[in-house]
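Undergrad: sequence? don't have it. structure:
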């Protein structure tokens, strides 16, 4: 009996086997690290206790995934066989990357655009390779078991936060608020402090993620991975040793993961899980009928979705909010602003990672805070990458679901190939992942190991215990001795899990968190591998010549090196210098910090962060009694460079207005008015980029009054008060009975009212 193509590839030699093992191991470690270390969406920087650098970490993990993919593809070139488990996913990835290249040229912060594209595209390309590996080597169950076991680790962390961690965080903050706020970069007495305290006391259970919604999205994936393992174990329990015990263990593990999901309190995740669970039940028992009437089912689904979207838009237009609580109220603000943003950038989008800079221009006056995402994944992709990007993204995320609906995929019972499979090999992978959690996590996020607490106790609790929980969870979901032909019910469970995550993220951004996004594609790769036909693989005649294969390999290596040189290494070098400069500045060594930041700006010509930080440090040096006007002139130079690299960011212009105002205060000759004119121009630029900020209008009004421009001063004061009043009305709606926290500041609000009265001979501005 002749071997099939897939069987020949599976036995194509040690280099192929070693490459496959490397791809699988890299993937398992990447999923484990990203779901147990807090990592912001899109490579955005944020404060995490003990975390050295979020952005560089995100890029290095993405580079590792891409390196594994290139290794396998290079082996494919020399095997004379290149194939994809999903043509639609590969096509969608190409379209999405093309949209990213186009949006790069339209982006204001081009470094952010590159980083966002890399972090989103790398797991998809690598997942297409992973699907090949686990299809050839029949290791789908290992990936699912690792995802489900990581779900138990997340559940353990959520339980710790729910029952003890939240109160400890509040107690630590109340003991020394200044220290906590300084580490977060929040100024005391400001509106961000109020928002931080509100979130802190709300006890958001987020596990190892930035929000509870993100932890909920990952828990959905883990629950359905566990469900797929349980369905497989239950249906084949009579054919396996200890079959009933394995099914019971899988069910118990799934219950633990589900408990962690409930602890997050994410309403969207819980509702999406319930909807997907109901869909799974319908598919398992009525799959044949659905397949026969799939056109009718799809038509009804699209009609219902269109009616729901239209109804929500009509309700929002009529009531100024969406139905639901405060979270839906603020989402209407985000979506209104995003719609205007799309209208102004209909083809290219604003660029990946650039929403946070562009949003202030469209932010409604009443909106309480600025955000970095519109909290809806279709809207987020459309506003960042344009319609081409949305098309590519939709093809990518839906492609794994398409083969799951083919004939025979949605039946509850099916025949299964028998045959022995490796029993101890999966545990070797699990032990390797546990070792990474024990030894690599402390190096990446050394929280509590700085000597302030007992390092041994901290290491055991924060690093050893999660690794032990992972190994225990993996034992619950350990692949059985036969993992050859997964049952159709398992495919349906995984498809429903992916659909649940997409449904949840119709009103959230959790899918863009690297841990969730990487886990999504780990599950998707398993679904693609399950649907890979046994005769897959097409020998490529173009790769038959050794010279052709050598050129193709050299091209792959060259492209990989170019990727590192453009996307990873400049960022790593620049941010290394920025971290060192931050420490020097805190120690008062401003000159040394400035030189390091100059080096950081040269290392990465695309980033505006290094010159912007240099400008802030120069301004801080002036206030600390440094070189006086020299510091201000240095700050001007650096902030102008930052504004040139990111023309949309209002913060650089706001600081420039401050610098020019200080230069005017320290000038007594005729140049004083010139500095004030520059301050007025910079403040006007800041207002143009953030028209809904009362603070900026107040600053502009003060500068205009110093120049004798009464009309501009009066307009600025009135606008500042108007924005503050709109915010106060919104605050009363969202937090009835709570004392209003002035965003403009009580003193500035009172002074603005007084100046309006003085300039107009009396005016009633009270709300």
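TA: In hand now; what should we look at? As the structure is a computational prediction, the values presented were derived from the model and not from experiment.
Undergrad: Buried ones in stretch 119-135, by neighbour count?
TA: 119-135 (16 or more other C-beta atoms under 10 Å). C-beta coordinates here come from the backbone N, C-alpha and C atoms, glycine included.
Undergrad: Is residue 207 located within a strand, as I assumed?
TA: No. Counting by DSSP: H, G, I helix; E, B strand; the rest coil, one finds residue 207 to be coil, located in no strand.
Undergrad: Where helices are concerned, which of the buried residues of stretch 119-135 count?
TA: Among the buried residues of stretch 119-135, the ones falling in helices (DSSP state H) are 119-135.
Undergrad: so how many other residues sit close to residue 401?
TA: By other C-beta atoms under 10 Å, the residues close to residue 401 number 19.
Undergrad: Please name the residues that touch it.
TA: Contacts of residue 401 were listed using C-beta atoms under 8 Å, 6 or more residues apart in numbering, and they are 495, 498-499, 527.
Undergrad: Likewise for residue 730?
TA: Counted by C-beta under 8 Å, 6+ apart, residue 730 has contacts 366-368.
Undergrad: of all the residues you listed, which comes closest to residue 607?
TA: Among the contacts of residue 730, residue 367 lies closest to residue 607 (C-beta to C-beta), at 28.1 Å.
Undergrad: Assess the claim that that closest one and residue 332 are in contact.
TA: No. Using C-beta atoms under 8 Å as the test, residue 367 is too far from residue 332 to be in contact (9.6 Å).
Undergrad: Using the three-state scheme, assign residue 84.
TA: The three-state assignment at residue 84 reads coil, by three-state DSSP.
Undergrad: how close does the closest residue to it other than its chain neighbours sit to residue 555?
TA: Excluding the flanking residues, the one nearest residue 84 by C-beta to C-beta, 6 or more residues apart in numbering is residue 90, at 4.5 Å. As judged by C-beta to C-beta, to the nearest Å, residue 90 and residue 555 stand 18 Å apart.
Undergrad: Would you mark the buried spots in the helix or strand harbouring residue 730?
TA: In the assignment (DSSP states H and E), residue 730 maps to helix 710-734. Buried residues in helix 710-734, counted by 16+ other C-beta under 10 Å: 712-721, 723-728, 730-731.
Undergrad: what angle do the first helix or strand past it going along the chain and helix 710-734 make?
TA: Beyond helix 710-734 on the C-terminal side, the first helix or strand identified by DSSP H and E is helix 746-760. With axes from the mean of the first three to the mean of the last three C-alpha atoms, to 10 degrees applied, the angle from helix 746-760 to helix 710-734 works out at 140 degrees.
Undergrad: what stretches of the stretch 51-200 of the chain score poorly on pLDDT?
TA: The model of the stretch 51-200 of the chain has pLDDT under 70 over residues 51-52, 78-83, 137-138, 165-174, 179-200.
Undergrad: all strands of it, in order?
TA: Remark: no strands are assigned in the stretch 51-200 of the chain by DSSP state E, counting those that start in this stretch.
Undergrad: ok, and the closest non-adjacent residue to residue 321?
TA: Spatial nearest neighbour of residue 321, excluding adjacent residues (C-beta to C-beta, 6+ apart): residue 329 at 4.4 Å.
Undergrad: and whichever strand or helix holds that neighbour, what's its mean pLDDT?
TA: If you go by DSSP H and E, residue 329 is part of helix 326-344. The average pLDDT for helix 326-344 rounds to 89.
Undergrad: residues making contact with stretch 152-162?
TA: 35-36, 203, 205-208, 215, 218-219, 222, 253, 256-257, 259-261, 263-264, 465-466, 469-470, 472-473, 476.
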